[in-house]
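> sequence? don't have it. structure:
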């Protein structure tokens, strides 16, 4: 009965205080030391919190999901519930308190141990840091986080803030990091793997730490080629010096998103680590700029609640696009704005239009519609006034939270324009303001020319218009050649071949790739030209051309396979995995090694590889009917993968496969599963 009363009490005060604790207490700083355990996938550690009481109270809390908490200090009583640790005392207004405790957790989310056993990383936003470190799920209370991590000696640890020291302890190193300024708990991050680092300095003297894995040294220079230029541009464009002491970028395996803007440390998918060829297929520039912009918009100034989330994502999207404009030019900038507008108009047509201040709006609304709102606003009041207002907004609310009204008040302070109509259209109405957008787009000569090209392609049904297309290809204006090339796919060879010949001599990788992707049949006259694309500066082009040449020129299959047998391609091994499929479909090639190739194709589906590799492998295994008990167990593992997109596709593939098997085949599969896999299989088949 006493236990029931205690939990009832804590439930009641939790309900009363959760939404208002920021008015009662200010958590100032935490010094936390953690030690991840790879073998058990657990976290143990200690934390010392300093907090100031704003109103007299007898209890305050930190969020702590499914944790064992043990007090270290005796002065303050502690009680742990399912998702919190409570501190009980007669706390007095304006008094500062310190509390220390140890904790242990086996996190089901937020902290991820990789299957390889030599890498871990965290993802706080949307997952809650309080699953591995007692902290605050509420973004309104910002804390200075000083993190110490104990990890095996062969790993390099990276965390928020400035690296202070590394000390030896038995088979481990203890890595210590510190910060000067507060941040929301969801922005806490650590990562560890066998990293090396490329160090640079920005024009303003900010040290950059650009990490890469030891087997990716050839990719670091190419991937980070625009980092300095992007950083210097954003710092100048935003008009406020980078607000933190250091900036780091860290690639991690199996990351859910393109990137995540943790304070001073962006984690991003290692899929974006590409060499000098791969960067033409996988460009990190937009992701890099977007996450860096968040260091101001989101980290320095955080949206007070979800309805103002666009203040983070809209700003980061817009400033990333401005950074890309600085690198790739105005044509690129306006094409992307047009692309954003097209997506938002399509959303309207599907009757999924949303207000920008809808707290449950889609990413398209928060990101692209938010970016367009800023572009329109800047066009209305003028660039200089806009930049001044943004500077004032960031300066006024730095290390704090803000609302849309807070931002607009700074805008209104620098202009006498009546912005009532703008606010109504862009913040409150659901429909995307197409007229405003169209009028701005049409101020660009590039958009005018692109519109003429689209009109010409749609309205000209003649079979002799290749001369105009050739001129378009020669113009080298962004995306125009690619659009023109796609339009001739269904034209007679007399029209298409001159276009393809011109495009294949282009110096632009994207133009040559467009030919490879859109051509349906390779004319004999272009056979030799296509052979040269097997070594083009694009792994996507190489893969597509290899497949099309193999399919359309059977007498040359051996030559094609020989030429491509040592190619791997992008991080997902796109060329190698495609090559394996072609080898298996070529009966008289490498007959003595067929079993080895099948084994290799199956192995790529194992948890030893990233989900990008496994996704292709499962598709190939299914297409070639290479399923066996081992690959079936790999599929069961994939169903529980933390990347929900990969897990969803794996579940769909599982059900398709399971429903196609005979009862005898099912029994054979089940017989070789372990207990955990059988339990998961039972869960999947019952749900189905």
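That came through, no problem. Since the structure is predicted, the reported quantities are computational estimates derived from the model, not experimental observations. Numbers count the residues shown, from 1 in each chain.

> pLDDT at residue 177, what is it?
In this model, residue 177 is scored at 98, pLDDT.

> Quick check: which element contains it?
Taking DSSP states H and E as the definition, residue 177 sits inside strand 172-178.

> which residues are contacting that strand?
35, 146-153, 155, 157, 159-168 (CB atoms under 8 Å, 6 or more residues apart in numbering). C-beta: built from backbone N, CA, C; applies to glycine.

> and the next helix or strand after it, which strands flank it?
For strand 172-178, the following helix or strand on the C-terminal side (DSSP H and E) is strand 190-193. Paired neighbours of strand 190-193 in the sheet (DSSP bridges): strand 120-122 (antiparallel), strand 156-159 (antiparallel).

> where do the helices sit along the stretch 451-600 of the chain?
466-475, 480-487, 493-504, 509-518, 527-532, 539-552, 557-564, 574-584, 594-603 (DSSP state H, counting those that start in this stretch).

> Tell me the helices and strands packed up against the second one.
Okay, so that is helix 480-487. With contacts taken as 3 or more CB pairs under 8 Å, 6 or more residues apart in numbering; DSSP states H and E, helix 480-487 sits against helix 445-459, helix 466-475, helix 493-504, helix 509-518.

> strands paired with the strand holding residue 177, and their directions?
By DSSP bridges, strand 172-178 pairs with strand 144-152 (antiparallel), strand 162-169 (antiparallel).

> For the spatially most central residue of the chain, give me its contacts.
In the chain, the C-alpha nearest the mean C-alpha coordinate belongs to residue 258, at 1.8 Å (CA atoms, centre = their mean). Counting by CB under 8 Å, 6+ apart, residue 258 makes contact with 268-269, 272, 287, 290.

> Ok, residue 104 next?
Per CB under 8 Å, 6+ apart, neighbours of residue 104: 42-45, 67-68.

> now the contacts of strand 172-178: which count as buried?
35, 146-151, 155, 157, 159-162 (16 or more other CB atoms under 10 Å).

> Check the residues you listed against residue 614 and report the nearest one.
residue 155 (23.5 Å; CB to CB).

> count of neighbours near the residue nearest to that closest one when sequence neighbours are not counted?
Excluding its sequence neighbours, the residue lying closest to residue 155 (CB to CB, 6 or more residues apart in numbering) is residue 192, at 4.5 Å. By other CB atoms under 10 Å, 24 other residues sit near residue 192.

> Retrieve the pLDDT associated with residue 192.
pLDDT at residue 192 comes out at 98.

> now swap in residue 490 and tell me
86.

> Now the phi/psi pair for it, please.
phi -100, psi 10 (degrees, to the nearest 10).

> count of residues packed around it?
Count around residue 490 with other CB under 10 Å applied: 10.

> Pull the contacting residues for it.
Here residue 490 is in contact with residue 520 (CB under 8 Å, 6+ apart).

> For residue 481, see how far away it is.
18 Å (CB to CB, to the nearest Å).

> Ok, residue 191 next?
Taking CB to CB, one finds residue 191 at 40 Å from residue 481.

> For the stretch 351-500 of the chain, give me the ranges with low pLDDT.
Applying pLDDT under 70 to the stretch 351-500 of the chain flags residues 461-466.

> Against residue 210, how distant is the residue nearest to residue 627 when sequence neighbours are not counted?
Distance criterion CB to CB, 6+ apart; nearest residue to residue 627, sequence neighbours excluded, is residue 621 at 6.2 Å. The gap separating residue 621 from residue 210 is 36 Å, by CB to CB.

> Tell me which of these two has more neighbours.
residue 621 (25 against 21).

> rewinding a little: narrow the contacts of residue 258 to those in helices?
287, 290 (DSSP state H).

> Looking at the contacts of residue 258, which one is closest to residue 408?
residue 290 (23.1 Å).

> Turn the helices and strands packed on helix 480-487 into JSON lines, including distance to residue 226 and mean neighbour count.
Formatted as JSON lines, those follow (distance: least, CB to CB, whole Å; neighbours: other CB atoms under 10 Å):
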{"stretch": "helix 445-459", "distance to residue 226": "22", "mean neighbour count": "14"}
{"stretch": "helix 466-475", "distance to residue 226": "25", "mean neighbour count": "17"}
{"stretch": "helix 493-504", "distance to residue 226": "27", "mean neighbour count": "19"}
{"stretch": "helix 509-518", "distance to residue 226": "16", "mean neighbour count": "21"}
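
> Those into CSV, with extra columns for distance to residue 342?
Listed next are the helices and strands packed on helix 480-487 as CSV, based on distance: least, CB to CB, whole Å:
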stretch, distance to residue 342
helix 445-459, 11
helix 466-475, 20
helix 493-504, 24
helix 509-518, 19
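
> hey, which helix or strand in the protein has the poorest pLDDT?
Least confident helix or strand of the chain, by mean pLDDT, DSSP states H and E, is helix 2-17 with a mean of 43.

> so who does residue 426 touch?
356, 369, 373, 376-377, 433.

> Need phi/psi at it.
phi -90, psi -30.

> gap between it and residue 356?
Counting by CB to CB, the gap from residue 426 to residue 356 is 6 Å.
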